[in-house]
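> Got a predicted structure plus its sequence, pasted below:
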Amino acid sequence: MLPTLPHADDIYTADWKRRIHDYFFHGTQFAAASGYWAFDFERQWAKHRNAVVRELILVECLSHWMPLRGSRVLVMGSWLGAEAIAYSLCGAEVTAIDLDGEALRLSAELAARYGASFQTATMDAVSTPWTAGHFDLVSCSQVLEHLPPDRQPALLAEMWRLCRPGGLLWLDTPNQLAICDQHDTGLYFVHWLPRPLKTRLARWLRRDVPTSEPGFGFQPVGLHHYLSYFSLMRTLRRLGPLEVLSRYRGFADVEHYAVSRRREGRAGLLFPLKLAAMRAAMRVWNFNWMNDIRLVVRKGTVGQ
């Protein structure tokens, strides 16, 4: 059951909106974001207001496999803290790390407004100080694509090292094989092209991303570096035994998905037909490769 939250207007005040506006328009990472084709501050503000509620739905989804109260959770690339706040509100002991210290300071203030708290640290998630197996759950949401390709396996290896045997890894990242690039350009098929070609095309169409990426030393990158589901799974399987628990966008199975969507009021007249099609298809295919990659993985044990 989701925790009761304060009224949004009591948290997201006019003063807080000004703080977030200053972060987007004058901060190190997003100072050039106003030139991005998809950037609109009012839309970003609306997403920010709804982020904790959205992440609470994710956290409830993960509690299907692990009770979160009292568990130790590491959030890599915590940014403005919505995910870390959601874990904290559900009783987890949360540590949030990010290379953007300004975002972490804002996240701690936002957590206090919710009556939540967590530890923060400005550090590179590829190399952390904790001992192996320190965390019950390691979360990496919308982070991998912000790293150079040669550092992505290192981040996955660090997630694996920090997660205890039997613990969970949560991974959410754009899919190189998705039909539409919803993360960067908003275009169909462009992200399938070789990087030099798609970068030039995105720049010509004014669809390249002007943000300064922390994972690249706060330098502009242009387009993010996506993985496919298959390349991600190859890297994970090299790390050790594992079990993919989710069958579709972070849900265990069709029934798990149906319960969540009905609770959110997102089950229309054609919803039963969609569920019937999913039940038939999932007998022969794993749906994780479609759209964004959203995986719940249980770390196995030696000799499993």
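Looks like it arrived, so ask away.
> Isn't Ala51 up against Trp79?
No - between Ala51 and Trp79 there is no contact, the gap being 9.4 Å when judged by CB atoms under 8 Å. (Each C-beta comes from the backbone N, C-alpha and C, glycine too.)
> Those two: which is more packed in?
Trp79 (22 against 18; other CB atoms under 10 Å).
> my guess is Asp208 contacts Ala202, does it?
Yes - with contact defined as CB under 8 Å, Asp208 counts as touching Ala202 (4.3 Å).
> any common contacting residues for the two?
184-185, 222-223 (CB atoms under 8 Å, 6 or more residues apart in numbering).
> Among these, which ones are in strands?
Counting by DSSP state E, the shared contacts of Asp208 and Ala202 place Gly222 in strands.
> Could I get the CA-only coordinates of stretch 3-15 as PDB?
C-alpha atoms of stretch 3-15 as PDB (Å, rounded to 0.1, in the frame of the first residue of the first chain):
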ATOM      1  CA  PRO A   3       2.100   5.900   1.900                       C
ATOM      2  CA  THR A   4      -0.100   8.900   2.400                       C
ATOM      3  CA  LEU A   5       1.700  12.000   0.900                       C
ATOM      4  CA  PRO A   6       1.400  15.700   1.900                       C
ATOM      5  CA  HIS A   7      -0.600  17.900  -0.500                       C
ATOM      6  CA  ALA A   8       1.600  18.700  -3.600                       C
ATOM      7  CA  ASP A   9       0.900  22.400  -3.200                       C
ATOM      8  CA  ASP A  10       2.500  22.400   0.300                       C
ATOM      9  CA  ILE A  11       5.700  20.900  -1.100                       C
ATOM     10  CA  TYR A  12       6.000  22.400  -4.600                       C
ATOM     11  CA  THR A  13       5.600  26.100  -3.600                       C
ATOM     12  CA  ALA A  14       6.300  29.100  -5.700                       C
ATOM     13  CA  ASP A  15       9.700  29.500  -4.000                       C
END
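> what sits up against that stretch?
Contacts of stretch 3-15 (CB under 8 Å, 6+ apart): 45, 48-49, 52-53, 56, 89-90, 110, 113-115.
> try 6 Å
49, 89, 113 (CB atoms under 6 Å, 6 or more residues apart in numbering).
> From those, list just the buried residues.
For the contacts of stretch 3-15, a neighbour count by 16 or more other CB atoms under 10 Å gives the buried set as 49, 89.
> Cheers, nothing more for now.
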